[in-house]
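**Q** Sequence plus the predicted model coming up.
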Amino acid sequence: QQQQQQAEGAAGAGAGAGAGSSQEGGEGDGVQHGGYTGLNARLAAFEAEAAAGGGIKPRVGRLFYLALPPSTYPQVCAGLRRFCYDLGPSVSTSSWFRCIMEKPFGFDLDSSEELAAKIGALFSEEHIYRIDHYLGKELVQNMLVMRFANTIMSSWWNRHHVSNVQISFKEPFGTEGRGGYFDQYGIVRDVIQNHLLQVLALLMMEPPVSMHPDDVRDEKVKLLRSVREVDPADCVIGQYVAGNGYPGYLDDPTVPRGSKQATYAAVRLHIHNERWAGVPIMIKAGKALNERLVAVRMQLKTPAASIFGNLENMRNELVIKFQPGEAIYIKLVVKTPGLDMNKEMSELELTYPERYKHLHIPDAYERLILDCIRGDAQHFVRRDELRAAWAIFTPLLHAIERGELQPEPYEYGSRGPASIDEWTAKGKYIKTEYQWQDPKTKL
């Protein structure tokens, strides 16, 4: 309650910058005026100082970062609109006002639409920057260049060559005292509906007309609207229990007793368009697993008429590893050196820490905040994109809440629920003989 009664706004960009705090509640419009007027006065003082002594009106910007419970957004935005939106006559007409908003944007499709309508009544879409830090990751942004700047990729990027796609998210730790917060959302809302679905959209969308933010986001929306609603019967959910010396989810004192919230989920998606019809898309995410990993794995089909015998366990794969140790590698079948015509699996690889060891790779948040200051909305989530994402997962979320899916227990530190290998195999995935090793650690 205390967190929802207080909202902190940080402002700053362009020629003027400032920071302050505001409180909501109380008076008729739900806004206590003093905090907002004080914040506006501080910002105006910075802007006046920037304008002093010059004959030209300065261009200034106000950027507010809202890392708050979503239920506070409408009241906070109302206060910002009423008291901090007007930049006054002393600045250039090219000055700007923008708000970055952290997820979650609602709990399901209806609540998200209600929240968007309330905020949309106060600010136009050009003022709203819904942040998803995965869109600021180096390798996520690299997917557009890799896909659309390389003919070698575009020729096989379709259902005729791709057998299946996996997007995996693994954390080696549990809720660690934050179970009360996590239990409100679960792994689907926390990771899959936003972070991993954004990766999917960039991975599978059609080429945009240009790199203009709206052209890129138009294609993402088209792709998301082509994704069928998740079938709850074709999913696996799990909840970690004590194991390997670590406590289970229900052992966290902040978790409600008897909670059925999913700490692991595997969902199978199907894209209904010409490029991807019939290709299973498997998204898997979980906490308290055996390793830290976020990766995409595209497995290709075997040759239609192999002259080298059975190659089912030697399928080509493209793997994009977002963390840890960013890397892109392609698994290939090659001849084993020697006198005989034997074959083995190897890889072509680009390991970022090795290839770009002398370059600073920006943090996702610093990249996205800079984009917002520049007014580049390409890597932020548009309202219709958010609507399409919630439409995919809302039926599954409601089915979980009705108790139609029961979480499978899995041990802390394991690979997840016992049924996950069988579930993955139904998605046409065949485990290959070769495992990639980080060049820094392999012998």
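**A** Looks like it came in fine. Numbers count the residues shown, from 1 in each chain.
**Q** switch to C-alpha atoms for all contacts and neighbour counts from now on
**A** Will do.
**Q** how about the closest residue to N158 other than its chain neighbours, phi and psi?
**A** Take N158 and drop its neighbours on the chain: the residue closest to it by C-alpha to C-alpha, 6 or more residues apart in numbering is R275, 5.1 Å away. For R275, the backbone dihedrals are phi -70, psi -40 (criterion: degrees, to the nearest 10).
**Q** how deep is R275 tucked in, by neighbour count?
**A** By other C-alpha atoms under 10 Å, the residues close to R275 number 15.
**Q** Next: A233.
**A** Neighbour count for A233, taken as other C-alpha under 10 Å: 12.
**Q** measure it to K287 for me?
**A** 22 Å (C-alpha to C-alpha, to the nearest Å).
**Q** For the residue nearest to N158, report the pLDDT, please.
**A** Listed pLDDT for R275 reads 97.
**Q** Wait, it touches H161, no?
**A** No. The pair R275 and H161 does not pass the contact test of C-alpha atoms under 8 Å, sitting 10.4 Å apart.
**Q** With N244 as the reference, measure out to the residue nearest the centre of the chain.
**A** Centroid check for the chain by C-alpha atoms, centre = their mean gives H195 as the closest residue, at 1.6 Å. Per C-alpha to C-alpha, H195 is found 29 Å from N244.
**Q** How about Q261?
**A** 22 Å.
**Q** who has more neighbours, those two?
**A** A count of neighbours by other C-alpha under 10 Å puts Q261 above the other of Q261 and N244, at 25 against 9.
**Q** right, and the more buried one touches Y181 too?
**A** No. Between Q261 and Y181 there is no contact under C-alpha under 8 Å: 11.5 Å.
**Q** how about I237, secondary structure?
**A** Of the three states, I237 takes strand under DSSP: H, G, I helix; E, B strand; the rest coil.
**Q** what about it, how many residues close to it?
**A** That count, for I237 with other C-alpha under 10 Å as the rule, works out to 28.
**Q** residues in contact with it?
**A** Shown in contact with I237 (C-alpha atoms under 8 Å, 6 or more residues apart in numbering): A262, T263, Y264, A265, A266, L405, Q406, P407, E408, P417.
**Q** now the farthest one out in this structure, which residue is it?
**A** Quick read of the chain (C-alpha atoms, centre = their mean): farthest out is L339, 48.9 Å.
**Q** That residue: which element?
**A** Under the criterion DSSP states H and E, no helix or strand holds L339.
**Q** circling back: right, and the residue nearest to the centre of the chain touches K137 too?
**A** No. Applying C-alpha under 8 Å, one finds H195 not in contact with K137, separated by 10.7 Å.
**Q** Off-centre distance for stretch 376-394?
**A** Offset of stretch 376-394 from its chain centre (C-alpha atoms, centre = their mean, to the nearest Å): 11 Å.
**Q** Next: stretch 125-144.
**A** Using C-alpha atoms, centre = their mean, the offset of stretch 125-144 from its chain centre is 8 Å.
**Q** For that stretch, measure first residue to last.
**A** 24 Å.
**Q** and it, which residues are buried?
**A** Buried residues in stretch 125-144, counted by 16 or more other C-alpha atoms under 10 Å: 127-140, 143-144.
**Q** any chance you could map the helices in the stretch 301-443 of the chain?
**A** 352-355, 364-374, 383-401, 420-426 (DSSP state H, counting those that start in this stretch).
**Q** Can you tell me which of the ones you listed is packed in deepest?
**A** Most buried of the helices of the stretch 301-443 of the chain, by mean neighbour count (mean count of other C-alpha atoms under 10 Å): helix 383-401, with a mean of 19.
**Q** from the buried residues of stretch 125-144, which is closest to S94?
**A** Among the buried residues of stretch 125-144, H127 lies closest to S94 (C-alpha to C-alpha), at 13.5 Å.
**Q** Leaving out the residues flanking it, which one is nearest to that closest one?
**A** R98 (4.5 Å).
**Q** now do C84
**A** N40 (5.2 Å).
**Q** Quick check: the closest residue to W96 other than its chain neighbours vs D86, distance?
**A** Closest residue to W96 apart from its sequence neighbours, by C-alpha to C-alpha, 6+ apart: G61 at 4.7 Å. Using C-alpha to C-alpha, one gets 11 Å for the distance from G61 to D86.
**Q** between the two, which one's more packed in?
**A** G61 (24 against 12).
**Q** list the contacts for R297?
**A** V165, Q166, I167, E317, L318, V319, I320.
**Q** quick one: the fifth one and A327 touch, right?
**A** No. Shown here, L318 and A327 do not form a contact pair, counting by C-alpha under 8 Å, at 10.7 Å.
**Q** Surely the residue nearest to the centre of the chain forms part of a strand?
**A** No. Counting by three-state DSSP, H195 falls outside a strand, being helix.
**Q** Spell out the residue ranges of the strands in this structure.
**A** 6-14, 16-23, 60-66, 96-102, 128-131, 162-170, 235-241, 264-269, 281-286, 293-300, 317-323, 327-335, 343-351, 408-411 (DSSP state E).
**Q** Apart from its neighbours in sequence, what residue is nearest Y365?
**A** Closest to Y365 by C-alpha to C-alpha, 6+ apart is H133, at 6.1 Å.
**Q** if I look at the residue nearest to the centre of the chain, how far off is I187?
**A** H195 is 11 Å from I187, by C-alpha to C-alpha.
**Q** cool, and R268?
**A** 15 Å.
**Q** for S71, same thing?
**A** Distance, S71 to I187, by C-alpha to C-alpha: 20 Å.
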